[in-house]
Every structure is written in C-alpha cells, then in structure tokens.
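Student: I'll drop the sequence and a predicted model, then ask my questions.
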Amino acid sequence: MQRTLLITGASRGIGLAMVRAAAGRGDRVIACVRDPGSAADLAAAARGAAPGAIAIRAADVTDPASLAAAALAEQGAIDVVVCNAGVYRARGGIEAPGYTADAWAETMMTNVAGVFFTVRAFLPHLERAPNPKIAIISSVMASSAKAPGGSYIYRASKAAATNLARNLATDLGPRGIAVGAYHPGWVRTDMGGTGAELDAATSAAGLLARFETLDLDTTGVFEDYRGTPIPY
Ligand SMILES: NC(=O)c1ccc[n+]([C@@H]2O[C@H](COP(=O)([O-])OP(=O)(O)OC[C@H]3O[C@@H](n4cnc5c(N)ncnc54)[C@H](OP(=O)(O)O)[C@@H]3O)[C@@H](O)[C@H]2O)c1
C-alpha cells in the first residue's frame, strides 16, 4: 500500500535523501522546504520521480503560519510526519564565542519549537491515517547519559526534541499515533561535514526501515538508524 510521508528540511542532506528513498520505493512524499525556489536538488528529484510522487511545499518550521498554509494545501491522510529540519550553530567549550543569544534562540526555535509546530499543524492529517507515526530526528548528542560536554546549544536542543517525542508519545498514544526519536548516524551533509562516517542514502534507508517498526507497542523509542537503542 502506498504511504504518504511528510518530511521537513527536505532541501538537502538527510531530509533530501529520505525524500529520494521514500519516493523511490513508491511512497508519496510531501517535501517541505523553507524556500522552494532555491531547492534545486529537490526539484530535480521531483522531476526524476514518478508523476505526483514528490509534492514540494514551502514551510519554515519556526513559522506556524507557513506550516498552517502547507497543511491547508494537503487534503488527504499523512502516514508519517518526519521532523527532520535542524540547525547546529555553535561548537566548543563554554567560553567559545558562538554561544550568543541569537544562536540559542534560533536553535531552540528550529530544533525544538519547530518539531512542536510541525506536529501540531499536521495532526488532523495524521488522524486520517490507519497507523499514523511521527518520527523526530534527534541525535545521539541528545543523550544526557553520555554528556561529554561542549556543543551546548545543539545538545540541549536535541535533548529537548527527544523529550518532546516522549511526551507526545504519551499524549498521542490514546489517539492512535506512535512517536519515535532517531539518531541518523554521523552523516556526510553540510551539518555532519565531509569527514562523517555515513553517506546520506545509507542513513535515510536505515531511518525509513526504523519508521516501519514504529507502532503503538514501540512508541517512545529513541534509537539510531540501525535500531540500536540510545539512552536518554
Ligand atoms: N549530519 C549528521 O551527522 C547528523 C547527526 C545527528 C543528527 N542530525 C540531524 O539530522 C537532521 C538533518 O541534518 P542534516 O545533516 O541533513 O543537516 P543539513 O544538511 O544542514 O540540512 C538541514 C536541513 O534543515 C533545513 N532547515 C533548517 N532550518 C529550517 C527551518 N527553520 N525550517 C525548515 N527547514 C529548515 C535546511 O533547510 P535550508 O536549505 O533552507 O537551510 C536543510 O534542509 C537535523 O535535525 C540534524 O540535527 C544530523
């Protein structure tokens, strides 16, 4: 049966790789990007896919109005909402200069509030699906059990995204919606850098396979793209 996936941050990196992989296996994908006009690789993927397989929508996850407009454009059910959009602004120890108020605000709005706004905007579409799921792309850097220090804003934002996944799993379980948090691996993208371990296609294939196993029995899971559990 053909599924419909909605993926945020689909212009490049892991988001674009998930769009390609899902469309390639015959699913329909609603690919959300901040600026469709500059998402050339996504446009090329849509041209190369089956007609109608990839619908490109404008949506900035920090802007509930843009998500509401994208939601209005969509009439049918959505089986999986993938909250993938993310930023990683500042690195280093506590005295590194990048930990500005703007960096904190942008990261928390994108990586945390953006997840919340995305889920809320597409809840009616999820509730029309037979086995609806929400996949939140977090990171192993969210894990408070590991906590090696540094990258304070990103770690805090991804820990909060995982916390959202757990609380949404509690609230949305009775409404039939399963929620998982995922680490995509260390992936060669603009964010992961050229020295990362994995190509985006491998990460995307693993993530889509993990979403298949997500249901009301496994809801609240936090695991990597191979299914290895990650401690909170
Ligand atoms: N790469 C890794 O090794 C790694 C590891 C762990 C977790 N992750 C997580 O995996 C996800 C994807 O990462 P990536 O490596 O593919 O990153 P990336 O190459 O930097 O791509 C980030 C994507 O997020 C989008 N985005 C940023 N802010 C947005 C906003 N306000 N609204 C909508 N879209 C927005 C970007 O869109 P624009 O093109 O418009 O900027 C882009 O499509 C992120 O959540 C990241 O934290 C990545």
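Tutor: Good, I have the coordinates. These figures come from a predicted structure and were not determined experimentally. Numbering: from 1, shown residues only.
Student: CA only for contacts and neighbour counts going forward, please
Tutor: OK.
Student: This protein against the ligand: which residues are in contact?
Tutor: 8-15, 33-34, 59-62, 84-87, 110, 137-139, 183-192 (CA under 6 Å from any ligand atom).
Student: and those, which are buried?
Tutor: The neighbour count (16 or more other CA atoms under 10 Å) marks 8-15, 33-34, 59-62, 84-87, 110, 137-139, 183-189, 192 as buried among the residues of the chain next to the ligand.
Student: mind listing what's buried in the lengthiest helix in the chain?
Tutor: Longest helix of the chain, by residue count under DSSP state H: helix 152-172. Within helix 152-172, the residues that count as buried by 16+ other CA under 10 Å are 152-166, 168-170, 172.
Student: and what of stretch 19-27?
Tutor: 19, 20, 21, 22, 23, 27.
Student: Just put these in a markdown table and tack on pLDDT and secondary structure.
Tutor: Compiled in a markdown table, the buried residues of stretch 19-27 are given as follows (pLDDT from 0 to 100; DSSP: H, G, I helix; E, B strand; the rest coil):
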| residue | pLDDT | secondary structure |
| --- | --- | --- |
| 19 | 98 | helix |
| 20 | 98 | helix |
| 21 | 98 | helix |
| 22 | 98 | helix |
| 23 | 98 | helix |
| 27 | 97 | coil |
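Student: can I get those residues in a markdown table with distance to residue 94?
Tutor: Below are these laid out as a markdown table (distance: CA to CA, whole Å):
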| residue | distance to residue 94 |
| --- | --- |
| 19 | 37 |
| 20 | 38 |
| 21 | 39 |
| 22 | 40 |
| 23 | 42 |
| 27 | 44 |
